[in-house]
Structure formats: C-alpha cells, structure tokens
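**Q** let me see the structure of the following:
(2 chains)
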Amino acid sequence: MILTLALRNLFHDRIRLGVTLVGILFAVVLVAVQLGLYAGTSKMIISMVHQAKGELWIVPYGADSFEGSGVLTGSERHAALSTPGVARAIPIVASFSKWQRPQGGEQLCVIVGVDAADGGLVPWNIVAGSTEALKLPDAVAIDRTYYKDLGVTGLNSTAEVRGSRVRVTALTHGIRSFTTTPYIFTTLNRGRSILKLPPDAATFYLIQLQEGADQGVVQAALAKRLPDVEVITKAEMKRRSIAHWLFGTGAGAALIGGAILGVLVGTVIVAQTLYSSTKDHLNEFATLRALGSSSGYIHKVILAQAALSAILGYVLGMSIAMTVVAISVDTSFPIIMTPQLAFGLFVLTLVMCAASATGAIMKVMKLDPAMVFNR
Amino acid sequence: MSMQPIVNVRDIVKELGQGAGKVRALKGVSMSLNPGELTLLMGPSGSGKTTLLSILGCILSPTEGSITIAGEDTEGLSPEGLADLRRRHVGFVFQSYNLFPTLNALENVRLALDVRGERYADTVIKAETALREVGLANRLRSFPGNMSGGEQQRVAVARALAIRPSVILADEPTAALDSENGHAVMELLSDIAKDESRAVLAVTHDPRTHAYADRIIRIEDGKIIDDERRLTSGDNVTRYDLKRKRKLHA
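**A** Numbers count the residues shown, from 1 in each chain, chains lettered A, B, ... in the order given. Alright, predicted model coming up:
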C-alpha cells in the first residue's frame, strides 16, 4: 500500500510531478555532464601514463605531468639498469613544441619520442599506417581528431616541427590531450632531435621489473641510487598529472563545482515540490495517523514518493545525458559515462531525493491527528 | 449483554491552548462505553464533544484523569503507543469521510489493515468482506470522486469495521448526508453495534439519529449533564415504530 499511495499521490497532481521531474532531470543531466567531463578529462590526462608499460617512473625532481617534465641527463638509465630487480629502463622524451602547418601558421603540440621496440609506450588505436612505419625517415603518428589543427589531410601529409620536416605515417583515433594540444608520436632519437635535446637525454625512464621483484623494494633502491631525481609509481604519476591539470588549473574545481551546483538546485526543487505535495495531502496523512499508522509508515510513504521521483527523474535525465555523451564522443572534450558513474549517479539521485524529503517529513512530524475532526 | 465496559474514562480534564488563551474543554468527565450499544454523544457547539471523542479515540491525551480501552490503560503512553492502541482497538468514521481520493474503495479499506502490518492477501479478503457487509460489493474499484456521499460514508464505515475494532467512534456521521443516506448510515452503525464485542459511539446533533440510539449522553460546557439509556421496552417499541414509519414513507 505504501508504494501504491506514494505513486497515486505523485501522479495526482501531474503539473507538480512535471516540475519535480524537471528538477531531478536538470540535476541528473548537469551532474552527469560535469562528472562525465571530469572522468573524460581525467582519462585524457592520464592516457599516456596509463598506456605506458612500466611499474615505476624515474622523473626529474618535481615533475608534475607527462607533458611538463624537465630533462634527465641519461646517466640515470645506467644506474637504474644496475639496480637489482630492474629488467628494463625505457627512455621517453615528451615536451611541448610547435607544429608549423603546411598552409602557414603554428600549432602547439606535444612531441612524444619513444622506440616502439622497447615495449614501453607505443601509439594505440592505430587506424591507418603502423608503428613500424614510424621507423621511416621523418615519420610521425598523429590523431585524426587534430587534422584541422595540424593542417593535414591524412597519411603522407607533411609539415615541419621546429624546423624539422615530418611526415604522417600512422594515424590513431581517440588519443587526445586535455590541453587540446595534439600528441605527435615519433621515435626516441627523432624526438630528441626535434626537441633539440642531447643524444642521451630523456624526460622519463619507464622501469619494468624483473619477474618476482618487489616493487617497493626496487623503488626504494632506485631512490637511494638516484637522489637527484624522483622514482614514483605509475599511480603516483597519474595522481600528479590529474592534480596538475585538473586542480592546478582550476578546471577540476569548476567541473566538481558545477556538479555540486546541479545537486543543490535539484535538491531545492525536489524539496520544494515534495513539501508542497505533502502539505496538500496533510489531511490524508492526519487520517493515516488517526487510523493508527506509525510515524514510520508515513515517513515511508513520503520517502517512497521521493524514491519514485528519483527513479523517474533519473531515467529521463540519463536518457538526455547519454545523448550528450554520444554527441561528445568525437569532440575535444569527450564525456564519459561508465557503469560505475551511472550507478553512482543513481545513488546520488536517490540520496538527493531522500534529503529533499526531510522538510516534508518534518512537517508531518508536527502533524496533529486531531485535525481530522476539524474539516 | 456483557456489562464489562470496553471504554472507561474517569475524571477526565482537558485543557487546550496555553497561557491566557488556555481553555478547560473538559471538566471532570467520567463515562464508559459498553459492548453491544450504540451511544450518541450530543451537545451544542463548543460543549467539548469533539475533544472527548479525540480522547476516547486516543488521539489526544487528557490533562488529568484516566482512560482504559479494552482493558489497556493509556496513561503515560507516547504518541506512538497511542497510535498502536488506535491501530488495534479503535475504528473511526469521520464527518467528511476522510477517504483517500487517489485510492479506490477497496484500497481505502485495505489501507487501514495495511497500517496494522497485515499481509496483502489478508487485507484484500478482509476489505472485500467489510465492503460487502456495508452493501458495496459492486463498488470495490470505484474511486471516492465517483461515489455518492452515502456510499463514501459506507466505505468509511467499512474501513472502520474491517479492523474488527473494540470501539467505533463516529464524528457527525450523518452531517454531510441527505436524510435517506443519513438513515442508511445510522442503520448500519446500529447493526454494527449489535455485535457484543464492540461499542459504537457517534457524536451528533442530528435529531434523526435518536431513533437508533441505545443510549444518549448529553454534554454541555465540558461536563456530562445527562446519560439516558433507552433500552427500556417502551422506548424500544417507539424506536422500531419510528423506523417502520420511515420505511413506509420511503
């Protein structure tokens, strides 16, 4: 009966139900887009670190992101390789540079120089060309998303990066950066050359461990041998990258702030409509109380109304949010909706609606059942 | 007829309001309701009848005095404790029916059983039985908005009856009804009162209801001024004569 009563109360006033659902829908879409953007940008920010195959990273002291690192001299590699438990130390160079479009004009880009044969980091999602083709003279790999920014039309397009001629020999799909600066994959030596770095220089070393080696022990040993650099885990590298780009720039705070705003606005709208619905049905709740219902029974009716509103609003809101997600797939800022995020959003919607019911429940708690005789 | 009262109130005082606005609505009321009796509580506006009804129904607690319902003392009970007592022992019939407009007749009656925590199947059977008893077997799925006032009040009676309460308290049950429906509802309450496990009290100022009463209690200015039992043989004859007369007119 609780569900029946809640459902009938809800649908009794369809205009109010509409307002409630719009409130929840608004909150769900806003929170889904904001958190989806947060998830999408986080994924973009850590994509390189995530794809790199190495349990530990040797980075210049204070390195805060994949793109924003200083330069290591090269001696670190030998020290690393002589540390017990280390199987490989793979050098990577990654830094900002300028891509000169064939038609004129420049585009900021990130040069990523690494040898695919080392097995540390190779371009993924290749849709044309191959990693092998990166060994060809002047070869680079770019993402299709950035054709327009880079002024190219596809494979074999040519351009210059800081005076060095480059030719597109591989195309990827979906490798985008948070800063909207395209990643340009090339070999380690060509990367050093483009970035004007010394022959042994690297910005990171990816450390792959020997089988059975203890990561913590190896990390401590490396740190002891290399006191002037940092030896961090993959997870720490991801955390630093997100902290730098999302929170150092304020973008993350804006996204989370937007999500909180969505929840607040949704809560206020639902609370207002639920309170007004409860007020309209006050005499019925007083009758219920006179019939001997416990206050818990009445609270359940109100909470069931809130939960039903939450479910309806969530379904409608997520339908719209998923459309927005689909539209955003090929944009510079894709919105991600994972099953975990969708479930979390559902729980958040339920909590939001339950919190909204507080006012209505407080109103009912003050109810005098004797009012049933005053009509 | 067993004379063990179902409801017993002793020296009830009820003060309403606070400070300078405080009013003594009941000034030492003692009375009891016996099983198998339809009692009318009559009195002018402001005499304290609704306050007394609220106390008898465990909706209000008295300022002073004691009340027992079906042998259970209400003293010191919390609002939840009083609600529990109502749930188990008290059925209400309200002047304005107080049906839930969004629920049909069957659901309205089921609701009173559901708050008692009864199983779904039991609530359906008991609600159907109660609605059949009040002559609404063909209106189970009708919503209050599509029913006449008389039918709605019969649903309210069925709702009170379904829980098999020790006492049914009716607040002006005929006030919103025309003469025909008023008589029908009183006849129903009178029949219900014949069950010797239950007492029925109706607050009313409708003189048409006198004919159905086993007893009439008059209250004025917060005190009971008259308690008249009408189950003498002479009165009984008069009462049935009146009923027969009405039927002839119909």
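
**Q** only C-alpha atoms for contact and neighbour calcs from this point on.
**A** Fine.

**Q** so which residues on the stretch 151-300 of chain A come close to chain B?
**A** A:N283, A:E284, A:T287, A:L288, A:R289, A:A290, A:L291, A:G292, A:S293, A:S294, A:S295, A:Y297 (C-alpha under 8 Å from any C-alpha of the partner chain).

**Q** top of the residues you listed by neighbour count?
**A** A:G292 (31 neighbours; other C-alpha atoms under 10 Å in any protein chain shown).

**Q** who's in contact with it?
**A** Residues in contact with A:G292 (C-alpha atoms under 8 Å, 6 or more residues apart in numbering or on different chains) are B:L82, B:A83, B:D84, B:L85, B:R86, B:R87, B:R88, B:V115, B:R116.

**Q** ok, so what distance separates the fourth one from B:A70?
**A** Which is B:L85. Computed as C-alpha to C-alpha, to the nearest Å, the B:L85 to B:A70 distance reads 10 Å.

**Q** of the two, who's got more company?
**A** B:L85 (22 against 19).

**Q** need the contact list for that one.
**A** Contacts for B:L85 (C-alpha under 8 Å, 6+ apart) come out as A:G292, B:C58.

**Q** for the residue positioned nearest the centre of chain B, give me the pLDDT.
**A** Central residue of chain B (C-alpha atoms, centre = their mean): B:L169, 1.8 Å from the mean position. pLDDT for B:L169: 92.

**Q** coming back round to it: would you mind checking which of the residues of the stretch 151-300 of chain A next to chain B is nearest to chain B?
**A** Closest approach to chain B among those (C-alpha to the nearest C-alpha): A:G292, at 4.2 Å.

**Q** tell me which residues of the helix or strand where the residue nearest to the centre of chain B lies come out buried.
**A** In the assignment (DSSP states H and E), B:L169 maps to strand B:167-171. By neighbour count on 16 or more other C-alpha atoms under 10 Å in any protein chain shown, the buried set for strand B:167-171 is B:V167, B:I168, B:L169, B:A170, B:D171.

**Q** same deal with stretch A:118-125?
**A** Neighbour counts over stretch A:118-125 (16+ other C-alpha under 10 Å) mark A:G120, A:L121, A:V122, A:P123, A:W124 as buried.

**Q** following the strand holding B:L169, which helix or strand shows up next?
**A** Heading C-terminal from strand B:167-171 (DSSP H and E), you reach helix B:179-193.

**Q** and the angle for that next one with strand B:167-171?
**A** Going by axes from the mean of the first three to the mean of the last three C-alpha atoms, to 10 degrees, helix B:179-193 is angled at 160 degrees with respect to strand B:167-171.

**Q** am I right that B:R87 sits in a helix?
**A** Yes - if the criterion is DSSP: H, G, I helix; E, B strand; the rest coil, then B:R87 is within a helix.

**Q** from A:D118, how far out is it?
**A** Applying C-alpha to C-alpha, the value for B:R87 to A:D118 is 78 Å.

**Q** try A:P137
**A** Per C-alpha to C-alpha, A:P137 is found 19 Å from A:D118.

**Q** what does B:I216 give?
**A** For B:I216, the distance to A:D118 - C-alpha to C-alpha - is 103 Å.

**Q** got the residues of chain B near chain A?
**A** Counting by C-alpha under 8 Å from any C-alpha, chain B comes close to chain A at B:50, B:54, B:59-60, B:80, B:82-88, B:90-92, B:94-96, B:98-100, B:102-103, B:107, B:110-112, B:114-116, B:171.

**Q** report the contact partners of A:Q219.
**A** Counting by C-alpha under 8 Å, 6+ apart, A:Q219 touches A:L56, A:V231, A:I232.

**Q** distance check, it against chain B.
**A** 63 Å (C-alpha to the nearest C-alpha, to the nearest Å).

**Q** in which helix or strand does that residue reside?
**A** For A:Q219, the host element (DSSP H and E) is helix A:215-225.

**Q** what separates that helix from the chain centre, distance-wise?
**A** 31 Å (C-alpha atoms, centre = their mean, to the nearest Å).

**Q** which residue packs closest to residue 181, ignoring adjacent ones?
**A** This is for chain A. The shortest distance from A:T181 to any residue other than its chain neighbours is 4.8 Å, reached at A:C109 (C-alpha to C-alpha, 6 or more residues apart in numbering or on different chains).

**Q** my bad, chain B
**A** Leaving out its chain neighbours, the residue that sits closest to B:N181 by C-alpha to C-alpha, 6+ apart is B:G150, at 5.0 Å.
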